[in-house]
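> Structure of the sequence below:
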Amino acid sequence: MTLDDRIGDLTGLAGFLLALAAFFANAQERALRDLRTSPTPRRTEASRQLMVDASLAVATFVIFLAGLPLWFDAVRHLHPLASSAGVRTVFVVAWLLLLGLVLWLTALAARVWRLRAKIPL
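Numbering: from 1, shown residues only. Next up, the predicted model:
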């Protein structure tokens, strides 16, 4: 199996899951904004949001780690004149962007954690 085949297989599997994670992260961002502006925020809602955000962050990080060996292979075989240089370059850059998604989800969970601490029991 070639490197490009392996990249195609991984991105096919992980791409859909990561698109869902980004979609849910955006929805969670809106839900946090609603919770923050609510006149009567509920601690149970903040706890639920915290669990979802933390789960999304962990799942995204696990997917990132699973593809890391392939990322190193793609970087090692990256050559601007190769016929598949575009595929490998896009994969290398896109895989790095996953760290941004993990950081976004982690920051979102931290903001929910701080808000949850301010909500009375």
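> Just want the most central residue of this protein.
Leu101 (3.8 Å; Cα atoms, centre = their mean).
> starting at the chain centroid, how far to the helix or strand of the chain with the lowest mean pLDDT?
The helix or strand of the chain with the lowest confidence, counting by mean pLDDT, DSSP states H and E, is helix 3-37 at a mean of 85. Centre-to-centre, helix 3-37 and its host chain are 6 Å apart (Cα atoms, centre = their mean, to the nearest Å).
> repeat for stretch 98-118
On Cα atoms, centre = their mean, the centre of stretch 98-118 falls 12 Å from that of its chain.
> cool, stretch 53-66 as well?
Distance, centroid of stretch 53-66 to centroid of chain: 6 Å (Cα atoms, centre = their mean).
> can you check stretch 102-120 too?
That offset, for stretch 102-120, works out to 16 Å (Cα atoms, centre = their mean).
> Tell me the buried residues in it?
102, 104-106, 108-109, 111-112, 115-116, 119 (16 or more other Cβ atoms under 10 Å). To be clear about C-beta, it is placed using only N, CA and C from the backbone, and glycine gets the same treatment.
> so how many other residues sit close to Gln28?
20 (other Cβ atoms under 10 Å).
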